[in-house]
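Chemist: the following comprises the amino acid sequence and a computationally predicted model.
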Amino acid sequence: MDIRIITLTSALHDRRRIEEESARFVAEIQEHTPVRLIVEADGAGDNGAADNAKGCASVVYVRTGGVEMQFAGKVPVLAGRPVYLLTSGGNNSLAASMEILSYVRDHGGSGEILHGSAEYIGRRLTEIARVEHARRELEGSVIGVIGEPSDWLIASRADETALRNLLGISVRHISMQELLEEVGRVKEVGADTRLKLKECPSAYFDGALRIYEALRVLVARHGLNGLTLRCFDLLTSLHNTGCLALALLNSEGVPSSCEGDVPALLTMMAAKALTGRSGFQANPSRINPETGEMVFAHCTVPLDMVRDYSYDTHFESGIGVALHGELPEGEATLMKVGGDMKRLFVREVRLLRNSCESNLCRTQVVLRSAPEDAAFLLREPIANHHVIVSGCWRRQVEALFAPLGLGR
């Protein structure tokens, strides 16, 4: 993604000198970011309204002092968008930026002054571009709810109006009957699908792959960017599970959650849009508020997240094909967006090890967080399922949802 740099300069300054200084400043920043920086004519643009048309984010470069009133006229078009003010170390750029950002905040807006070394600013611009790309990727998405959310998810319902108004995401409800009919039409599982997987001796394997093939048809038919499945209904109707199907779909870039959990799906889609990586939807199984150690588990995991995996049965039912995945140890992010679009939990954690206990869902990971964060989950949880994504992404996740007013 590109970033537009909209410049503001006071008429009192020597324009030629300012142009030369600005060119050197921007060129130095460009060396520290892969994002293309496009400098626009002084005073051009509106830092918001034209972004969608141009397909890029924008930053206001406050090149000198005395431009506060030039900026003030832009406040109406900045509603709902963070304001990023680029500053140098001269010409009263920082002082003017501090005045401007205070004005933005007084008018209910938010933003940040980008000031420091060229390396630091380049890093922040890369992050800003990533967040803006994710916001655009989510906008216009269609998610499919196949069957209704599982009965026990009494706090995991989604406000579909809020999803549409705040993120531009629409929800399409698809009956379980449509899926079952499509499963019945699958005559043979393609060799290309089998090549993606290890051989499995289970009698349930072919049936699990038919569920996957049928879900792929529904994704194409309804133009879905993500889906969630009331998977426990398959235990009785097909005597099988959707665990393998969801693992495959996630690894192919279609975020897919279990149990009809729309908030978990939204969290997975946000993680994918921001990081390009799949997220693992998991149950919190044990939390130690004194040490910060936590165990999360589920019977499916995206295949592109694991370094190795083996097959097992679905935990609660003892049938079907579930996955025991081994995730790489290291830095990770634990996150959850509330279905009412009012709450966000996101913390950076460390994945310490994988586990394999008989009394938990099949993929099991042990995380360590700050003890106060673990304790927070016991006091003010955002429902059950949370999402784990590899890498440290807290700042970007918060930046994605900050314009919507989401706090923890």
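Modeler: Looks like it arrived, so ask away.
Chemist: any idea of the pLDDT on E188?
Modeler: E188 is assigned a predicted lDDT (pLDDT) of 86.
Chemist: give me the neighbour count for it.
Modeler: 9 (other C-beta atoms under 10 Å). To be clear about C-beta, it is placed using only N, CA and C from the backbone, and glycine gets the same treatment.
Chemist: shaky segments in this protein?
Modeler: Residues of the chain meeting the criterion pLDDT under 70: 42-56, 74-80, 407-408.
Chemist: the longest helix in it is where?
Modeler: Counting residues, the longest helix found in the chain (DSSP state H) is helix 118-138.
Chemist: roughly how far is it from the heart of the chain?
Modeler: Taking the mean of its C-alpha atoms, helix 118-138 sits 14 Å from the chain's own mean (C-alpha atoms, centre = their mean, to the nearest Å).
Chemist: can I get stretch 145-163 in PDB, CA atoms only?
Modeler: Only the C-alpha atoms of stretch 145-163 are listed here, as PDB (Å, rounded to 0.1, in the frame of the first residue of the first chain):
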ATOM      1  CA  VAL A 145     -23.300 -18.400   9.400                       C
ATOM      2  CA  ILE A 146     -24.100 -22.100   8.500                       C
ATOM      3  CA  GLY A 147     -26.700 -23.100  11.000                       C
ATOM      4  CA  GLU A 148     -27.300 -21.000  14.100                       C
ATOM      5  CA  PRO A 149     -24.700 -20.400  16.800                       C
ATOM      6  CA  SER A 150     -24.400 -23.300  19.200                       C
ATOM      7  CA  ASP A 151     -27.000 -23.100  22.000                       C
ATOM      8  CA  TRP A 152     -24.300 -22.800  24.700                       C
ATOM      9  CA  LEU A 153     -22.800 -19.600  23.200                       C
ATOM     10  CA  ILE A 154     -25.200 -17.400  25.200                       C
ATOM     11  CA  ALA A 155     -22.700 -14.500  25.300                       C
ATOM     12  CA  SER A 156     -21.200 -15.000  21.800                       C
ATOM     13  CA  ARG A 157     -23.900 -13.500  19.600                       C
ATOM     14  CA  ALA A 158     -23.100 -10.700  17.100                       C
ATOM     15  CA  ASP A 159     -24.700  -7.400  16.500                       C
ATOM     16  CA  GLU A 160     -25.000  -7.600  12.800                       C
ATOM     17  CA  THR A 161     -26.000  -4.000  12.400                       C
ATOM     18  CA  ALA A 162     -22.900  -2.900  14.200                       C
ATOM     19  CA  LEU A 163     -20.800  -5.200  12.000                       C
END
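Chemist: just the buried positions in the longest helix of the chain, please.
Modeler: Neighbour counts using 16 or more other C-beta atoms under 10 Å place 118, 121-122, 124-136, 138 of helix 118-138 among the buried residues.
Chemist: and what of stretch 230-239?
Modeler: Under the neighbour-count criterion of 16+ other C-beta under 10 Å, stretch 230-239 has R230, C231, F232, D233, L234, L235, L238 buried.
Chemist: tell me where the chain has helices.
Modeler: Counting by DSSP H, one finds helices in the chain at the ranges 15-30, 51-54, 68-72, 93-106, 118-138, 160-162, 176-185, 191-195, 205-222, 233-237, 243-251, 262-275, 371-379, 394-401.
Chemist: same list (those helices) but as a markdown table, adding distance to R36.
Modeler: What follows is the helices of the chain, written out as a markdown table (distance: least, C-beta to C-beta, whole Å):
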| stretch | distance to R36 |
| --- | --- |
| helix 15-30 | 8 |
| helix 51-54 | 12 |
| helix 68-72 | 24 |
| helix 93-106 | 23 |
| helix 118-138 | 9 |
| helix 160-162 | 34 |
| helix 176-185 | 44 |
| helix 191-195 | 37 |
| helix 205-222 | 33 |
| helix 233-237 | 47 |
| helix 243-251 | 31 |
| helix 262-275 | 20 |
| helix 371-379 | 37 |
| helix 394-401 | 19 |
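Chemist: to K342, which of those lies closest?
Modeler: Closest to K342 of the helices of the chain, according to C-beta to C-beta: helix 160-162, at 8.2 Å.
Chemist: partners of the nearest residue to Y61 once chain neighbours are set aside in the sheet?
Modeler: With sequence-adjacent residues excluded and distances taken as C-beta to C-beta, 6 or more residues apart in numbering, Y61 is closest to L86, at 4.3 Å. With DSSP bridges applied, the residues forming beta bridges to L86 are Y61, L114.
Chemist: pretty sure L86 sits against L37.
Modeler: No - under the criterion of C-beta atoms under 8 Å, L86 makes no contact with L37, lying 9.6 Å away.
Chemist: need the longest strand for the protein.
Modeler: Of all segments of type strand in the chain, defined using DSSP state E, the longest is strand 344-355.
Chemist: buried residues in it?
Modeler: Residues L344, F345, V346, R347, E348, V349, L351, N354 are the ones in strand 344-355 that count as buried (16+ other C-beta under 10 Å).
Chemist: can you pull out the strands in the stretch 251-400 of the chain?
Modeler: Assigned by DSSP state E, counting those that start in this stretch, the stretch 251-400 of the chain shows strands spanning 256-258, 280-287, 293-298, 308-312, 322-326, 330-337, 344-355, 363-368, 386-390.
Chemist: distance to L406 added to those, as a markdown table?
Modeler: Converted to a markdown table, the strands of the stretch 251-400 of the chain look like this (distance: least, C-beta to C-beta, whole Å):
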| stretch | distance to L406 |
| --- | --- |
| strand 256-258 | 19 |
| strand 280-287 | 19 |
| strand 293-298 | 22 |
| strand 308-312 | 34 |
| strand 322-326 | 30 |
| strand 330-337 | 7 |
| strand 344-355 | 4 |
| strand 363-368 | 22 |
| strand 386-390 | 15 |
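Chemist: can you tell me which of these is most buried?
Modeler: Of these, the one with the most neighbours on average (mean count of other C-beta atoms under 10 Å) is strand 256-258, at a mean of 29.
Chemist: which residues are in contact with it?
Modeler: Contacts with strand 256-258, where a contact means C-beta atoms under 8 Å, 6 or more residues apart in numbering, come from 215, 226-229, 231, 242-243, 245-246, 249-250, 264-265, 268, 281, 298-300, 385.
Chemist: tell me the contacts of P328?
Modeler: With contact set as C-beta under 8 Å, 6+ apart, P328 has these partners: R307, L351, S390.
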